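Next come a sequence and a model predicted from it.
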Amino acid sequence: MTAMSKDFQAVAQLMHDETVTHTFVKDVALPSGKTLALLTLDNGLDHKKPTTLGPNGLLELRAALEVQAERAKNGEIDAMAITGKPYFLIAGADLSAVTRLSAPDQATAMASLGHYTYELLADLGVPTFAFINGLALGGGLEIALACNYRTVSTAAGALGLPEGFLGLIPGWAGVYRLPRLVGPENALKVMIENPLNSNRTLSGPAAAKMGVADALFEPADFIEHSIAFADGVISGTTEVKRPNAVDPTDPEVARRWLDAADAAEKFVDAKLSGAAPAPYKVLEVFRKGLAISQQESAVLEVEALTGLMSTPQFQNTVYAFLDLVQKRGKRPAGAPDPKLARPVTKVGVVGAGLMAGQLALLFARRLNVPVVITDLDQSRVDKGLAYIHGEIDKLHAKGRMSQDAVNRTKALVTGSVTKKAFADADFVIEAVFEELNVKKQVFAEVEAVVSPECILATNTSSLSVTEMGRDLSHPERLVGFHFFNPVAVMPLLEIAATEWTNDSSLSTAFVLGKKLKKTTVKTKDSAAFVVNRVLLRLMSEVQAAFDEGTDAKTADSALTPMGLPMSPLTLLAMVGLPVAQHVNESLNAAFGERFAVSENLQKLIDAKITALWVKDEAGNQVLNPEAEKLMAFGDQHSSKEQILARVQDALAEEIGLLLDEGVVAEAADVDLCMITGAGWPMHLGGITPYLDQVGASERVNGKRFNG
């Protein structure tokens, strides 16, 4: 036994409680008379438990591949294919296991074990195929990339290399193989752009279009078609074309390669401002991979993985991703028994504006039930329907909806100018102007036509749900149902209960949220709930420093060390000055001067100025001169360090108060809300661990939020 194989065994023994993904082998007789060995990866659990690869599973796979290599050498098989249990190829490496590798040599062994296993897929002695029947992420997609050929199911819903998002790099040759297969630009979209954009993934059709797979088949007979494809390839009757594949030795490809890396680095800078190392390490290995062999790249990948596994950013990310998003996000605290939920067979949406259109589309796509939108006149209704149809057409153009799905979804969404259209609805949500009296009037009109069992919901971001329900005949069926913009992208759904909300209505809301594929968090009916309250406190402190006399660039860049998705003043402009001011006014009314209403901001709103930043003649971003003329500033200039500490302390104070008020059950719920609703960086491990780590929790509250 070599020293390295001893290390593999030691790591495997360390993970003695691993949920092992086993490798099952059977021979398939091909129509051509040849034999294909079909390997199926399966952990023996149902589809709710994804297959992952830990050291014991990798060693079992390696042993199976060694047997097939010997059989290939002896002429017993003509090809080999690998696939997964229903809905999964492989969901990647077992991250919970990775976090237990405390010593560098253990991390190195785990990183090396993937290469040790996958190298046989690339050179088994006979053609190898990956039949991507379902989800294939990280090491799961790298298994497929290691094979000589790939097929993918149209139902495969998530393919990608999300390691940069998780604090690692695609360390089992994905960073080397993918750009050669699909081109450097496409590869960096998969490794950098998608992970840092809310961890997006590729669908089966999108992966095939990009060139990740050589053939695309429907799920009903996917394995049969894939086997026939493999038979055609090895028999020479099927030609495989790869128009996106590149040769890095071509000077033009080399230029594209480095240009793509430079563009990706600018993208990462804009997203993270250097606050997390993993995406930069991906780009470093990617650049070097242009001119070296796969074996040389493997050395770099193992070194990078070993270093990254020990970083606090990786440990924070694993906590945020596994403990919060994956575990707590799927078991929301305080949610009533799902058995109490009522069926929802028709949905009503009050309003036909942008937010209402997004909601209607989401309900129609996820629930597959009729959805009706209403507004004051037919022209507004028609405009709303046109927007929804346009968004559906865009999804079709991107390969994310079939023509049948397009036709079905468009037919499900209708419009009306009367709320009588809600008479047979089971769930009605309002998405009208953020004004309490307007919303109360809407609910009075809706309650007059719907059944007593129909759930009423508000998408308010800052107003009192309790006040909206005060004059209702059945206030017990009213819930806050707060989405984040853009609705299709942002995972969080804050579900607010009033003092009257009964368990049946609340249960229906949570079950509905799950069907909509949202991360649901129960909140108390408190002004702005969680995310907007925390975000507005952050923005208020930066705005206050600006108004006091700090120059705009210093104020706006003070939080750069956090690596937030966007700077405070940029976020302010994106939300819209009137919307931000309105929410801040609501918070000021509820909580006082912690949320000071900016006179400068109001001056800009009154003057209808929407752009805080403009480009000067040299192309640099500067404060809008028209805005600057209107505003008045104090003479108190704060440094970046002072503003950062001020914001940290303010956040610690606000979250401490929020928890004392019982707005959510625990600090972990605040973390979950900020990650899924505000894009709080995973590498900070949640907002309360971050405030603990920088000392703000103890400075302000005298204790840590966590332990």
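Great, that's in hand.

C-alpha only now, for contacts and for neighbours.
Fine.

The stretch 501-650 of the chain: strands as residue ranges?
519-524, 613-615, 621-623 (DSSP state E, counting those that start in this stretch).

Now Glu499. Nearest residue, chain neighbours left out?
Nearest residue to Glu499, sequence neighbours excluded (C-alpha to C-alpha, 6 or more residues apart in numbering): Thr466, at 7.4 Å.

With respect to burial, which of the strands of the stretch 501-650 of the chain scores highest?
Mean neighbours per residue, mean count of other C-alpha atoms under 10 Å, is largest over the strands of the stretch 501-650 of the chain for strand 519-524, with a mean of 25.

Show me what that one is packed up against.
Counting contacts by 3 or more C-alpha pairs under 8 Å, 6 or more residues apart in numbering; DSSP states H and E, strand 519-524 packs against strand 492-497, helix 503-515, helix 667-678.

Quick check: which helices or strands does the first one pack against?
With contacts defined as 3+ C-alpha pairs under 8 Å, 6+ apart, strand 492-497 has these neighbours: strand 478-483, helix 503-515, strand 519-524, helix 667-678.

what residues does it touch?
Strand 492-497 is contacted from outside by 465, 478-484, 506, 509-510, 513, 518-525, 529, 673, 676-677, using C-alpha atoms under 8 Å, 6 or more residues apart in numbering.

just the longest one next, same as before
Residues from elsewhere that reach helix 503-515, judged by C-alpha under 8 Å, 6+ apart: 335-343, 366-367, 455, 476-479, 481, 493, 495, 497, 519-520.

which residues in the stretch 51-200 of the chain form helices?
Using DSSP state H, counting those that start in this stretch, the helices assigned to the stretch 51-200 of the chain run over residues 55-73, 95-98, 104-122, 139-146, 163-166, 174-182, 184-188, 194-196.

How about the stretch 401-550 of the chain?
403-412, 436-447, 465-469, 503-515, 531-548.

Which among these is found nearest to Gly171?
helix 503-515 (33.1 Å; C-alpha to C-alpha).

Could you give me the buried positions within stretch 44-52?
Within stretch 44-52, the residues scored as buried using 16 or more other C-alpha atoms under 10 Å are Pro50, Thr51, Thr52.

List the contacts of the second one.
Contacts were defined as C-alpha under 8 Å, 6+ apart; by that measure Thr51 touches Thr21, Leu41, Asp42, Asn43, Phe88, Leu89, Ile90, Ala91, Gly92.

Name the nearest of those residues relative to Ala144.
Out of the contacts of Thr51, the member with the shortest distance to Ala144 (by C-alpha to C-alpha) is Leu89, at 8.8 Å.

what's near enough to touch the closest one?
Leu41, Thr51, Thr83, Ile132, Asn133, Gly134, Leu135, Ala136, Gly140.

what's around the third one, how many residues?
Here the neighbour count serves as a burial measure; for Thr83 (other C-alpha atoms under 10 Å) it reads 25.

Who is it paired with across the strands?
Thr40 (DSSP bridges).

contacting residues for Asp426?
If you count contacts by C-alpha under 8 Å, 6+ apart, then Asp426 has Pro343, Val344, Thr345, Lys346, Val347, Ser451, Glu453, Cys454, Ile455 around it.

Out of those residues, which end up buried?
Val344, Lys346, Val347, Cys454, Ile455.

sorry, back to before: rebuild the helices of the stretch 401-550 of the chain as JSON lines, extending it with mean neighbour count and mean pLDDT.
As requested, the helices of the stretch 401-550 of the chain are exported to JSON lines (neighbours: other C-alpha atoms under 10 Å; pLDDT from 0 to 100):
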{"stretch": "helix 403-412", "mean neighbour count": "16", "mean pLDDT": "96"}
{"stretch": "helix 436-447", "mean neighbour count": "18", "mean pLDDT": "97"}
{"stretch": "helix 465-469", "mean neighbour count": "22", "mean pLDDT": "97"}
{"stretch": "helix 503-515", "mean neighbour count": "22", "mean pLDDT": "98"}
{"stretch": "helix 531-548", "mean neighbour count": "22", "mean pLDDT": "96"}
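
Same list, these, but as TSV with distance to Leu354 please.
What follows is the helices of the stretch 401-550 of the chain, written out as TSV (distance: least, C-alpha to C-alpha, whole Å):
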stretch	distance to Leu354
helix 403-412	17
helix 436-447	17
helix 465-469	22
helix 503-515	20
helix 531-548	20
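
Mind telling me which residue is nearest the centre of the protein?
Central residue of the chain (C-alpha atoms, centre = their mean): Ser198, 3.4 Å from the mean position.

I figured that residue hits Ala678, correct?
No: using C-alpha atoms under 8 Å as the test, Ser198 is too far from Ala678 to be in contact (10.4 Å).

Next, work out how far apart the residue of the chain most remote from its centre and Ala527 are.
Ranked by distance from the centre of the chain (C-alpha atoms, centre = their mean), the top residue is Asn74, with 46.9 Å. Going from Asn74 to Ala527 by C-alpha to C-alpha, to the nearest Å gives 72 Å.

next one: Asp27
From Asp27 over to Ala527 (counting by C-alpha to C-alpha), the distance is 63 Å.

just Ser697 next, same as before
According to C-alpha to C-alpha, Ser697 stands 23 Å off from Ala527.

The two: which has the busier surroundings?
Applying other C-alpha under 10 Å to Ser697 and Ala527 shows that Ser697 carries more neighbours, namely 26 against 22.

Low-confidence stretches in this structure?
Along the chain, segments meeting pLDDT under 70 span 1-4.

quick one on the thing from earlier: for Ala109, which of the helices and strands packed on strand 492-497 is the nearest?
Evaluated with C-alpha to C-alpha, these place helix 667-678 nearest to Ala109, the distance being 31.8 Å.

after that closest one comes which helix or strand?
helix 687-693 (DSSP states H and E).

Which elements pack onto that following helix?
Here helix 687-693 touches helix 640-660, helix 667-678, helix 696-701, going by 3+ C-alpha pairs under 8 Å, 6+ apart.

what residues does the second one touch?
With contacts defined as C-alpha under 8 Å, 6+ apart, helix 667-678 is touched by 320, 324-325, 328-329, 484, 490-494, 519, 521, 530-531, 535, 655, 659, 664, 680-682, 686-688, 705-706.

Same check on the last one?
Identification of contacts with helix 696-701 by C-alpha under 8 Å, 6+ apart yields Ala645, Gln648, Asp649, Ala652, Glu653, Gly656, Thr688, Leu691, Asp692, Lys703, Arg704, Phe705.

do that again at 7 Å, thanks
Contacts to helix 696-701, defined as C-alpha atoms under 7 Å, 6 or more residues apart in numbering, come from residues Gln648, Asp649, Ala652, Glu653, Leu691, Lys703, Arg704, Phe705.

so which of those is the most crowded?
Counting by other C-alpha under 10 Å, top hit in the contacts of helix 696-701: Ala652 with 27 neighbours.

count of neighbours near the residue nearest to Tyr690 when sequence neighbours are not counted?
In space, and not counting its chain neighbours, Tyr690 is closest to Leu684: 5.7 Å by C-alpha to C-alpha, 6+ apart. Using other C-alpha under 10 Å, Leu684 has 26 other residues around it.

does Leu684 really touch Asn316, like I thought?
Yes: under the criterion of C-alpha atoms under 7 Å, Leu684 makes contact with Asn316 at 5.8 Å.

Just to check, Lys346 is in contact with Ala425?
Yes: assessed by C-alpha under 7 Å, Lys346 is found in contact with Ala425 at 4.7 Å.

Quick one: end-to-end length of stretch 318-325, please.
10 Å.

got the buried residues for it?
Val318, Tyr319, Ala320, Phe321, Leu324, Val325.
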